[in-house]
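# heads up, no residue letters with this:
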């Protein structure tokens, strides 16, 4: 079973949306990783870039190599300014 992690940055709307994403993945056979040190096959960063500080936090999360097993990981961003 493939594992995933959702990293949420931002407001309560992002928190709600992250739970919706996690629920969708779980309903489709993925297992949520609650251990941040565990490598996962998918990492979703639900971001907020309304402020410069929020954008910096988003970029730091995406660039954090410990969060991904680069041989296996797929990752996605969502939220404001997810490009």
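Yep, that arrived. All of these numbers come straight from a predicted model, not from anything done at the bench.
# Buried residues, stretch 27-34. List them.
For stretch 27-34, burial by neighbour count (16 or more other C-beta atoms under 10 Å) applies to 30, 33. Quick note: C-beta positions are derived from backbone N, CA and C, even for glycine.
# quick one: terminal-to-terminal distance for that stretch?
Distance across stretch 27-34, first residue to last, is 17 Å (C-alpha to C-alpha, to the nearest Å).
# Any idea how far it is from the middle of the chain?
Here stretch 27-34 is found 13 Å from its chain centre; the criterion is C-alpha atoms, centre = their mean, to the nearest Å.
# per-residue confidence averaged over it?
Mean pLDDT, stretch 27-34: 93.
# likewise stretch 50-69?
Averaged across stretch 50-69, pLDDT comes to 71.
# Kindly report the same for stretch 6-15.
82.
# For that stretch, buried residues please.
Neighbour-count burial for stretch 6-15 flags 6, 7, 8, 9, 10, 14 (criterion: 16+ other C-beta under 10 Å).
# any chance you could map the helices in the protein?
12-27, 52-63 (DSSP state H).
# I'd like to know which of those lies nearest to residue 45.
The closest of these to residue 45 is helix 52-63. By C-beta to C-beta, the value is 5.2 Å.
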